[in-house]
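**Q** 3D, please:
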Amino acid sequence: MKKSFLSDLLSVGFSNIAIIVFGLGTSIITARYMGPEKNGIIAALLVYPSLFMTIGSMGIRQSTTYYLGKKVFSEDSIKTAITQIWFFTSVISLIVCFGLMYFFSKSGDNILWILLALAPIPFALFNTYNSGIFLGKNEIGAFNKINWLPSLIVFVFTFVLVVLLKLDVSGSMLAMLGGPLLMFFVLMFKNKFIQAFSLKVEWKVLKALLSLGIIYAVTLLVINLNYRIDIIILDKLSTPYQLGIYSKGAGLSQYLWQIPLVLSTIVFARSAVSKDNHLFSLKVAQLLRLSLVIVGGASVILYLFSGFIINLMYGKDFAGSIVLLKILLPGVLVMTIFKVMNMDLAGKGKPWIPMAAMIPALIINVILNVIFIPKYGAVAASWSSTVSYTVAGVAFTFLYSKETNISIREMFTYKRSDFDVITNIIKKIAKK
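**A** This next block holds a predicted model:
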């Protein structure tokens, strides 16, 4: 491993720790001050905007990273194209998302909550597009700030609006706007995007970004639907209480994915500029083995101390989240395979390959949720997710093996050198 890679790894690691700390802080505040039912309402309000962040992003961050990393187009041309795409996707996302929330969500009769939930979309989209510039240039440090600073701002705003001003659901939703809005203004000037706004259209750049980006977007939509379809169905077929305890259990389990995301962010950026694809994929397989050890160990700790952790963080009102967390952990562990390996393929401009694993998994998730949620509520949603994640992780293992010509045995056979990453990180920290 090169020193620069270790520097990036440490940088992303600290960034993701910040995301976890501030995210958990926000989650604890909403749990302690608002209870399961109102947390269920917030989860229902946020699910459609989060999905439309995937659709609206059009895969532009990924395609920007790819084309800028490969130096196919100039940075200025890409920036101009991004601003034009951003304007239209923001308008379309806001209109369509409003319709879905108004007609399909149980909270759709509260127009203020809908507007507050929609407000971050254009700013968050802009920040997402912008981050592709930093990834394409391999500026991991700048990319990290885009990720963790909004979490800090949301945490601070949540404390002020929910704890001090006692604005309840409205305060929590308003706090969600603070992070994306502030980063929007920072990035507009820091990355000189203000100069990129132009009516001049470079159709070649637009077509290239959208052609590859749409494939990324569809893939990401299917992936994110698999993570959030249970919330949509719980909102329709169950109660806010069930949705509230599920959102906390699922949210806590999914923080484990920040571990492979530390690695996958770097994998994606470096895969886009890698000269030897096969050698790089072998390195990714090494990182997967390391991730499974760390995520597996963390999963065991969470399982054994789930009752203590949830009661300490969220209080006795969320005791129902304990069993949900235990059910979700095995699926989250298996899904780690997908989380790490998929970013390698995405960085190589092949985002369509995961669809063969994710579409069947999504169908299974929907069927199980629709059948069992009316009777078993959040427990059914947890089991459905674990089954779906397991199917997706196992299926993707075979797809990745075939695509990279790396045998499954080679992917999962541990070597002493696998742990050199940790040793080098410890040495690097010790020198500082």
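**Q** how close does the nearest residue to A217 once chain neighbours are set aside get to F126?
**A** Beyond its immediate neighbours in the sequence, the residue positioned closest to A217 (CB to CB, 6 or more residues apart in numbering) is G59, lying 4.0 Å away. Where C-beta positions appear, they are placed from N, C-alpha and C, glycine not excepted. For G59, the distance to F126 (CB to CB, to the nearest Å) stands at 15 Å.
**Q** So between those two, which is more surrounded?
**A** G59 (26 against 23; other CB atoms under 10 Å).
**Q** Downstream of the lowest-mean-pLDDT helix or strand in the chain, the next helix or strand is which one?
**A** Of the helices and strands making up the chain, the lowest-confidence element is helix 258-273, at a mean of 60, by mean pLDDT, DSSP states H and E. Following helix 258-273 in sequence order, the next helix or strand is helix 277-304 (DSSP states H and E).
**Q** which parts of the helix or strand that that next one is followed by are buried?
**A** If you walk from helix 277-304 toward the C-terminus, the next helix or strand you reach (DSSP H and E) is helix 306-314. Neighbour-count burial for helix 306-314, counted by 16 or more other CB atoms under 10 Å, picks out 306, 309-310, 313-314.
**Q** The helix or strand hosting I229 - what's its average pLDDT?
**A** Remark: I229 resides in helix 203-237, with elements defined by DSSP H and E. Throughout helix 203-237, pLDDT has a mean value of 87.
**Q** Stretch 122-131 too?
**A** 86.
**Q** N130 is in contact with I146, correct?
**A** Yes - using CB atoms under 8 Å, I146 is in contact with N130, at 6.9 Å.
**Q** quick one, helices of the stretch 1-150 of the chain?
**A** Here the stretch 1-150 of the chain has its helices, by DSSP state H, counting those that start in this stretch, at 3-57, 60-69, 75-104, 111-118, 120-136, 140-158.
**Q** same for the shortest one, what does it pack against?
**A** So that's helix 111-118. Other elements packing on helix 111-118 under the criterion 3 or more CB pairs under 8 Å, 6 or more residues apart in numbering; DSSP states H and E are helix 3-57, helix 75-104, helix 168-190.
**Q** I'd like to know which of those is closest to E410.
**A** Nearest of the helices and strands packed on helix 111-118 to E410, taken as CB to CB: helix 3-57 at 21.2 Å.
**Q** Contacts only, for the residue nearest to S131 when sequence neighbours are not counted.
**A** Taking CB to CB, 6+ apart as the measure, S131 lies nearest to I146, with 4.9 Å between them; neighbours along the chain are not counted. For I146, the set of contacting residues under the criterion of CB atoms under 8 Å, 6 or more residues apart in numbering consists of 127, 130-131, 134, 183, 187.
**Q** can I get the CA coordinates of stretch 224-238 in CSV?
**A** Output for stretch 224-238, consisting of C-alpha atoms alone and laid out as CSV, is shown next (Å, rounded to 0.1, in the frame of the first residue of the first chain):
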residue,chain,number,x,y,z
ASN,A,224,-31.5,2.5,-2.3
LEU,A,225,-35.0,1.1,-2.9
ASN,A,226,-33.7,-2.1,-1.3
TYR,A,227,-32.6,-0.1,1.7
ARG,A,228,-35.8,2.0,2.0
ILE,A,229,-38.7,0.0,0.5
ASP,A,230,-39.4,-1.4,4.0
ILE,A,231,-40.0,2.2,5.3
ILE,A,232,-42.4,3.0,2.4
ILE,A,233,-44.4,-0.2,3.0
LEU,A,234,-44.3,0.3,6.8
ASP,A,235,-45.7,3.8,6.3
LYS,A,236,-48.6,2.4,4.2
LEU,A,237,-49.4,-0.9,6.0
SER,A,238,-48.3,-0.3,9.7
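**Q** Identify each buried residue in that stretch, please.
**A** By neighbour count with 16+ other CB under 10 Å, stretch 224-238 contains the buried residues 224-235, 237-238.
**Q** From the chain's centroid, how far away is that stretch?
**A** On the basis of CA atoms, centre = their mean, to the nearest Å, stretch 224-238 is displaced by 16 Å from the centre of the chain it belongs to.
**Q** does I371 count as helix, strand or coil?
**A** Per DSSP: H, G, I helix; E, B strand; the rest coil, the local secondary structure of I371 is helix.
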